[in-house]
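Peer 1: based on what follows, work out the 3D shape:
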Amino acid sequence: MVLLDTNAVLRFILKDVSKQHKEIVQFISSNPSAIRLEVLIEMIFVLEKYYKKNRQEIAHIVSVLGKTENLFIQYPRVVAKALTLFIENELDIVDCILCAFNDVMGYDVFTFDTEMKNILQRNKKVTK
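Peer 2: Residues are numbered from 1 along each chain as shown. The predicted model follows:
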């Protein structure tokens with residue numbers, strides 16, 4: 001399994017640097033590859049802030065990545081839940097991931113953020 005960095009993932013999805021896009025497509029097709037959560041978060045931040053993608057577009061992009069043969073996203077159930085929260089709320093992706101870990105894996109989350117607390121209360125797994 002090979003870990004992909006953010007730049008490689010961006011070239012794969014954006015196809016904006018033709019030579020690098022072809023190279024990463026060929027690489028993934030012949031090498032099981034993984035996207036760690038840290039890379040996914042950075043990628044989402046770059047897509048949102050630099051490339052001005054909206055939340056629905058970002059969720060679609062991540063969904064397509066998750067269905068790509070030979071490409072694995074760390075914690076796929078958590079990521080799926082986080083993307084739903086990301087679309088439905090104004091929370092940033094990190095907060096959505098924390099709420100998703102709470103909902104999917106039962107992790108407690110301590111926060112001062114009111115919106116996050118409301119989501120966690122709905123999950124009924126909030127730590128004061």
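Peer 1: show me the chain divided up by domain.
Peer 2: What automatic domain parsing lists as the domains of the chain is 1-74, 80-128.
Peer 1: can you list the low-confidence ranges for the protein?
Peer 2: For the chain, the stretches with pLDDT under 70 are 124-128.
Peer 1: please redo it, this time with the cut-off set to 90
Peer 2: 121-128 (pLDDT under 90).
Peer 1: quick one: contacts for the closest residue in space to V64 that isn't next to it in sequence?
Peer 2: Leaving out its chain neighbours, the residue that sits closest to V64 by CB to CB, 6 or more residues apart in numbering is I13, at 7.5 Å. In this view, the C-beta of every residue, glycine as well, is placed from N, C-alpha and C. Residues in contact with I13 (CB atoms under 8 Å, 6 or more residues apart in numbering) are 61, 64-65.
Peer 1: give me the distance between I13 and V79.
Peer 2: Distance from I13 to V79, counting by CB to CB, to the nearest Å: 15 Å.
Peer 1: rewinding a little: filter the contacts of I13 down to just the buried residues.
Peer 2: 61, 65 (16 or more other CB atoms under 10 Å).
Peer 1: rewinding a little: for whatever helix or strand the residue nearest to V64 lives in, list the C-alpha coordinates in PDB.
Peer 2: For I13, the enclosing helix or strand under DSSP states H and E is helix 6-14. C-alpha atoms of helix 6-14 as PDB (Å, rounded to 0.1, in the frame of the first residue of the first chain):
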ATOM      1  CA  THR A   6      -2.300  15.900  -1.200                       C
ATOM      2  CA  ASN A   7      -0.600  17.200  -4.400                       C
ATOM      3  CA  ALA A   8      -0.900  13.700  -6.000                       C
ATOM      4  CA  VAL A   9      -4.500  13.400  -5.100                       C
ATOM      5  CA  LEU A  10      -5.300  16.900  -6.400                       C
ATOM      6  CA  ARG A  11      -3.600  16.200  -9.700                       C
ATOM      7  CA  PHE A  12      -5.600  13.000  -9.900                       C
ATOM      8  CA  ILE A  13      -9.000  14.700  -9.500                       C
ATOM      9  CA  LEU A  14      -8.400  18.100 -11.000                       C
END
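Peer 1: many thanks, have a good one.
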